[in-house]
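*Asks:* Below is the sequence, then the predicted model.
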Amino acid sequence: MRILVVGAGAVGGLFGGLMAEHGRDVTFLVRAPRAAALAADGLQLVGIPGGPQDQVRAVPVAVVTADQLSEAVPFDIVLLAVKAYDLESAIEAIAPAVDAGAAVLPLLNGMRHIDRLTARFGAENVLGGFAFVSAYLDVQGRIGAGPVPAALTYGELDGSSTDRVRRFHEQADGCGFRVTLSTAVRDEMWAKWVFLAAFAALTILSGGSVGETARAPGGPRTARALLAETASVAQAAGHRPSAEKVAGDLAVLTATDSQNRASMDKDRLAGRPVESSAIIDDLVERADAAGLDVPLLRATQAALGVYVTRLADAAAAAG
């Protein structure tokens, strides 16, 4: 099976790099400067997911740029590991591979990307999936595996068992990260979104870590209210997580010793672009369509809207 990984950042670089390290047929679709660096030095992996973080190794990888892709097809799976704000450009970049028969396995958060991908390529060419990682891209372009075990979940969006997803599962298994072939991947994607949106909103609204918020007056009640809002939107869409899952999420978001912040909050604090459109805005829009009241999510949307506007204004001023 030939796998095209789109993006050699923290997520794509980690999963694609580990698969390449274990002898899988993986090619990275990247921009020209990154392609040159990877061709010269290999993909630099630092540490083992959930294990020791001091091991550095260079993994030789095949690379291709968008203008070369038509000559490199066919591929079987396109592992799409980009940020939501890069989705449109990625769709155009991968079109030659999908048009030649590849299926897209996106690892983006939320659900809006599924609508966009199926509209462009057809539902029959899109799988469901998501990742759990603590990986990061350092200033040297190396992929740090992070202290949390990495996991990849995927499956057909209609819950069926197909040859292509079983073959991908065989390729992904045994590569140094946990794998789950799901027959309910759409439900599981919604469950992750319910938690992720509440997590992001909690730390953005409070301005603190999970633990700081949990120790503050009203903190646990805010976490509970946010999960109630996000779960209500999922329920309206027919994908409410189980009571056990929501209870587990609440335990994570009220842990008084937790120093965690949502990745979107970290991006905001660092002055980087944020995935607010896919994670918060889309959820609020779905709430509006279902006639649901989600005041805390709407407050988060407003706060992120101010940030996004300031970021755009600063970029414009810089020329």
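*Replies:* Done, it's in.
*Asks:* what's downstream of the helix or strand of the chain with the lowest mean pLDDT, the next helix or strand?
*Replies:* None of the helices or strands of the chain scores lower by mean pLDDT, DSSP states H and E than strand 136-137, at a mean of 89. Note on strand 136-137: by DSSP states H and E, the next helix or strand toward the C-terminus is strand 143-144.
*Asks:* That next one pairs with which strands, and in what direction?
*Replies:* strand 43-46 (parallel), strand 136-137 (antiparallel) (DSSP bridges).
*Asks:* For the helix or strand just after that strand, buried residues please.
*Replies:* Sequence order places strand 151-156 as the next helix or strand after strand 143-144, per DSSP H and E. Neighbour counts over strand 151-156 (16 or more other C-beta atoms under 10 Å) mark Ala151, Leu152, Thr153, Tyr154, Gly155, Glu156 as buried. No exception for glycine: its C-beta is placed from N, CA and C like everyone else's.
*Asks:* Any chance of CSV for those residues, columns distance to Gly110 and pLDDT?
*Replies:* Formatted as CSV, the buried residues of strand 151-156 follow (distance: C-beta to C-beta, whole Å; pLDDT from 0 to 100):
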residue, distance to Gly110, pLDDT
Ala151, 18, 97
Leu152, 17, 97
Thr153, 15, 98
Tyr154, 16, 98
Gly155, 17, 98
Glu156, 19, 98
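*Asks:* closest to Ala184 among the residues you listed?
*Replies:* Gly155 (7.5 Å; C-beta to C-beta).
*Asks:* that older thread, from the strands paired with strand 143-144, which stretch is densest packed?
*Replies:* strand 43-46 (a mean of 22; mean count of other C-beta atoms under 10 Å).
*Asks:* Work out the gap between that strand and the centre of the chain.
*Replies:* 20 Å (C-alpha atoms, centre = their mean, to the nearest Å).
*Asks:* what are the C-alpha coordinates of stretch 95-103, in PDB please?
*Replies:* The C-alpha trace of stretch 95-103 is given here as PDB (Å, rounded to 0.1, in the frame of the first residue of the first chain):
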ATOM      1  CA  ALA A  95      -6.600  16.400  -6.100                       C
ATOM      2  CA  PRO A  96      -4.300  14.600  -8.500                       C
ATOM      3  CA  ALA A  97      -3.800  11.700  -6.000                       C
ATOM      4  CA  VAL A  98      -7.500  11.400  -5.200                       C
ATOM      5  CA  ASP A  99      -8.500  11.700  -8.800                       C
ATOM      6  CA  ALA A 100      -6.100   8.800  -9.600                       C
ATOM      7  CA  GLY A 101      -7.900   6.600  -7.000                       C
ATOM      8  CA  ALA A 102      -6.600   7.400  -3.500                       C
ATOM      9  CA  ALA A 103      -8.900   7.700  -0.500                       C
END
